[in-house]
Every structure is written in C-alpha cells, then in structure tokens.
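**Student:** Any chance you could fold what I've pasted below:
(one chain, ligands or ions: 4)
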Amino acid sequence: MAAPMQVELGFVENVEEFLLKSRFFPSKLGGRPAWLALESLPTTEELSCCECSQPTSFLLQISSPMPQKLETFHRTIFIFVCSNPNCCKPNSNKNFHVFRSQLPRENKFYSTEPAPEIPEENEVDASKCNKLCVVCGCLGPKTCSKCHKVNYCCKGHQALHWKKGHKASCSSGKDDNTDLSKFECLFPEMEIVTETENYQPEDEVEKTDKEKMKEYAEYLKTENMSQTCGEMPEAELQKMASKESENDKQLRKFKKRISLEPEQVLRYDKGQEPLWIAHDPKPDVIPDCKCGAKRQFEFQVLPTLLSHMNVDKVGVSIDWGTLCVYTCSESCSIGNTYSREYLFKQDVV
Ligand SMILES: [Zn+2]
Ligand SMILES: [Zn+2]
Ligand SMILES: [Zn+2]
Ligand SMILES: [Zn+2]
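**Tutor:** Ligands and ions are numbered 1, 2, ... in the order given. Alright, predicted model coming up:
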C-alpha cells in the first residue's frame with residue numbers, strides 16, 4: 001500500500017531574534033514581517049482592516065518553497081489580522097489579509113548561498129528599499145513632521161512611538177533609544193518549525209454505529225460533562241450520543257486528531273482537505289487567483305496558536321476555530337510583488 005500523504009505540523013519555538021530576519025527565509029509568528037521580496041510591499045490601504053479601516057497586525061509567515069519551479073525557489077505566505085476584537089466576527093474573514101511572495105534562487109535581493117548564522121550589523125531587509133513604519137515594519141508613508149527621521153504607517157503608530165520614547169529623542173537629535181521590540185501591538189515573535197505528523201489512518205476505519213456511540217459516551221465522560229455524566233446509566237449516555245449533531249461530531253474528530261500532538265499550531269497539507277473544526281459552514285466556492293487558476297488549500301492555523309499570542313482572553317480577544325489558507329495552484333508569476341491569496345475562517349459557534 002502506498003504511504004498516505006503525511007501532514008506537516010507547525011510548532012512555535014523560541015530562537016535568537018536575528019535568525020528570523022529576511023535572509024534566513026523564516027517561518028515565524030509575530031514581530032515584524034521578514035519580507036521576502038524587498039520591494040513592492042503591500043500598501044497601507046491593502047493592509048487596512050475591511051471592518052474598521054485601521055492597519056492590521058502581522059500575524060505569521062510560512063516559508064513554503066516549490067523548488068520544482070524556478071520562480072518559486074523562495075516562496076512565503078504572509079497573514080495579517082486586525083487585533084480589534086470587534087472586527088472578529090464568526091466565520092468571517094474580513095479582519096484578515098493573506099499575501100504570497102516568491103523569488104527565484106537568483107534574484108536581486110539575496111545571495112544564492114545560505115546566509116551565515118551570525119548576527120549582521122547591516123541587515124539586508126526591506127528598510128533598505130522602502131520607508132518602513134518604525135513600529136510595525138510595514139510601509140510607512142508618513143514622516144515625523146519635526147525630525148523627518150522616522151516613518152509611520154498611521155497616526156496610531158506615530159503616537160505609540162512618541163509615548164515610548166521618541167518624544168525625548170525627536171527634538172534633541174540624539175539617537176532614538178526606544179526599545180523597538182517592545183511594542184504591545186506586535187505579537188510575540190517566535191519561530192515556527194515543522195515536523196511530520198505520525199498518524200495511522202487505521203485509527204479511522206469506519207466504525208459501526210454501536211461503536212461510535214460507545215466512543216461518544218466515553219468522550220462525554222471525559223470531557224467537561226464529567227460531573228453530569230459520571231453517574232449516568234449507559235442507556236442514558238447512548239441516548240445522548242445518538243443526538244450528537246454533525247458539528248459536535250466534527251469537533252470531536254478535530255480534537256482527537258489534534259490530541260496526537262497537542263502543541264501543534266499549524267497543519268501544512270497542500271492540495272488536501274483542511275481538518276475542519278465544524279461540519280459547517282465550509283466555503284461554497286474558493287475564488288480563483290487573479291491569473292485565472294484555481295486556488296487550493298495549502299495550510300491551516302489552529303486555535304492553539306492563540307495561547308502564544310497574549311490574546312487568549314475568551315470573549316474579549318480575537319479568536320478563531322481554524323484559519324484555512326488557499327493559494328494559487330499554479331503559484332503564478334508575480335515578479336517582485338505581493339499577490340493576494342484567500343483565507344477561510346471557520347468557527348465553532
Ligand atoms: Zn479592524
Ligand atoms: Zn505601523
Ligand atoms: Zn521625530
Ligand atoms: Zn495565480
């Protein structure tokens with residue numbers, strides 16, 4: 001029997017900050033984007049939230065090269081999210097943006113050889129080709145009108161920088177000593193590393209209805225219903241199990257699969273089906289790429305990532321069931337630009 005397609009799982013890991021710079025083509029959570037193409041970055045307008053029009057925050061980037069094609073020797077997918085909880089609506093993707101960037105091995109920004117793993121005084125990054133917001137690392141078309149030395153994407157980030165220390169350095173002309181890593185609007189920066197899932201499909205062989213009910217009865221006992229179910233006679237449990245909705249079933253399947261590696265924050269399974277957290281809604285149609293090619297599922301972000309983002313206050317923070325990213329199946333030519341891709345957010349409601 002042919003080996004089944006294995007899923008690559010993503011985990012977060014602390015690593016020295018310099019290793020997450022553009023020249024290492026990292027997969028990472030938080031901090032500022034380590035832009036791949038260093039020019040034609042998404043504009044402030046393209047990155048503003050479709051709900052509140054404020055700038056979205058950089059969430060994560062996944063390096064997923066396709067070396068079989070010259071143009072995709074380097075390839076990175078970037079996700080941005082509005083951190084305002086009011087913009088986070090069930091099963092809506094309007095507070096997210098996804099972009100794809102790719103480069104051939106020979107390109108105008110990076111050496112064809114792997115970068116040496118030592119800190120670099122003069123880091124090759126997007127600030128060499130663009131005016132970047134000193135706070136969030138996205139394009140910063142606005143300039144401090146007093147010193148003309150620093151740039152911002154928006155008034156909000158200018159005000160943040162002012163409060164954090166620019167107030168003192170702006171007029172004095174002294175070097176700015178603001179600790180730029182300490183802005184609360186950035187998510188904690190961590191590397192995302194991958195590992196192949198060890199999963200035996202035999203676990204999933206079709207069970208009889210009786211077996212399924214027994215399994216569900218066990219689940220009810222162990223889950224949060226343990227107090228109420230503990231003393232319940234078997235017949236009662238079975239009656240409850242038979243009432244399990246399609247969404248309950250899918251959530252249970254999701255949890256079971258995740259429990260094999262409870263620390264996973266991401267599943268990379270290009271061309272396959274996401275591990276849904278609910279039976280519905282699922283996307284009716286995935287919009288085609290602007291090149292005309294179909295988009296295919298590439299990876300999904302799990303709710304376990306939220307606990308690494310300092311946003312895990314239930315009900316008052318952004319959250320999601322799962323974020324499914326769909327990208328151009330051809331990974332079409334885009335030169336040095338950033339091309340929009342599609343995200344579907346599925347929630348448990
Ligand atoms: Zn918003
Ligand atoms: Zn900014
Ligand atoms: Zn200034
Ligand atoms: Zn395309």
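
**Student:** As CSV, could you dump the C-alpha coordinates of stretch 273-286?
**Tutor:** This file holds the C-alpha atoms of stretch 273-286, laid out as CSV (Å, rounded to 0.1, in the frame of the first residue of the first chain):
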residue,chain,number,x,y,z
GLU,A,273,-8.7,19.0,2.7
PRO,A,274,-8.4,21.0,5.9
LEU,A,275,-9.0,19.3,9.2
TRP,A,276,-12.3,21.1,9.8
ILE,A,277,-13.3,22.1,13.3
ALA,A,278,-17.0,22.2,12.4
HIS,A,279,-19.2,20.4,9.9
ASP,A,280,-20.3,23.7,8.5
PRO,A,281,-20.0,26.3,7.2
LYS,A,282,-17.5,25.3,4.6
PRO,A,283,-16.6,27.5,1.7
ASP,A,284,-19.0,27.1,-1.2
VAL,A,285,-16.6,28.5,-3.7
ILE,A,286,-12.9,29.4,-3.3
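
**Student:** Flag every residue of this protein that's near ligand 4.
**Tutor:** Residues of the chain lying close to ligand 4 by C-beta under 5 Å from the ion are 289, 291, 293, 328, 332. All C-beta atoms are positioned from the backbone trio N, CA, C, and that covers glycine.

**Student:** residue boundaries of the strands in the stretch 151-300 of the chain?
**Tutor:** Under the criterion DSSP state E, counting those that start in this stretch, strands of the stretch 151-300 of the chain are mapped to 151-152, 190-196, 266-268, 295-301.

**Student:** thinking again about what came up before, possible to save the residues of the chain next to ligand 4 as a markdown table with pLDDT and neighbour count?
**Tutor:** Putting the residues of the chain next to ligand 4 into a markdown table (pLDDT from 0 to 100; neighbours: other C-beta atoms under 10 Å) gives the following:
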| residue | pLDDT | neighbour count |
| --- | --- | --- |
| 289 | 98 | 23 |
| 291 | 97 | 13 |
| 293 | 98 | 14 |
| 328 | 98 | 22 |
| 332 | 98 | 16 |
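
**Student:** Any chance of these in a markdown table with distance to ligand 3 as columns?
**Tutor:** As requested, the residues of the chain next to ligand 4 are exported to a markdown table (distance: C-beta to the ion, whole Å):
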| residue | distance to ligand 3 |
| --- | --- |
| 289 | 41 |
| 291 | 43 |
| 293 | 46 |
| 328 | 41 |
| 332 | 42 |
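
**Student:** Could you export those residues to TSV, including columns for distance to residue 50?
**Tutor:** As requested, those are arranged in TSV below (distance: C-beta to C-beta, whole Å):
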residue	distance to residue 50
289	19
291	23
293	24
328	21
332	24
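
**Student:** most neighbours per residue, which of the strands of the stretch 151-300 of the chain?
**Tutor:** Using mean count of other C-beta atoms under 10 Å, the stretch among those with the largest mean neighbour count is strand 151-152, at a mean of 24.

**Student:** That one near ligand 3 at all?
**Tutor:** No. Under the criterion of C-beta under 5 Å from the ion, ligand 3 is not reached by strand 151-152; the shortest gap measures 10.0 Å.

**Student:** Show me what that strand is packed against.
**Tutor:** On a contact count with 3 or more C-beta pairs under 8 Å, 6 or more residues apart in numbering; DSSP states H and E, strand 151-152 meets strand 142-143.

**Student:** Residue 42 against residue 100, yeah?
**Tutor:** No. When contacts are counted by C-beta atoms under 8 Å, residue 42 is not listed as touching residue 100 (10.9 Å).

**Student:** what sits in contact with each of those two?
**Tutor:** residue 338 (C-beta atoms under 8 Å, 6 or more residues apart in numbering).
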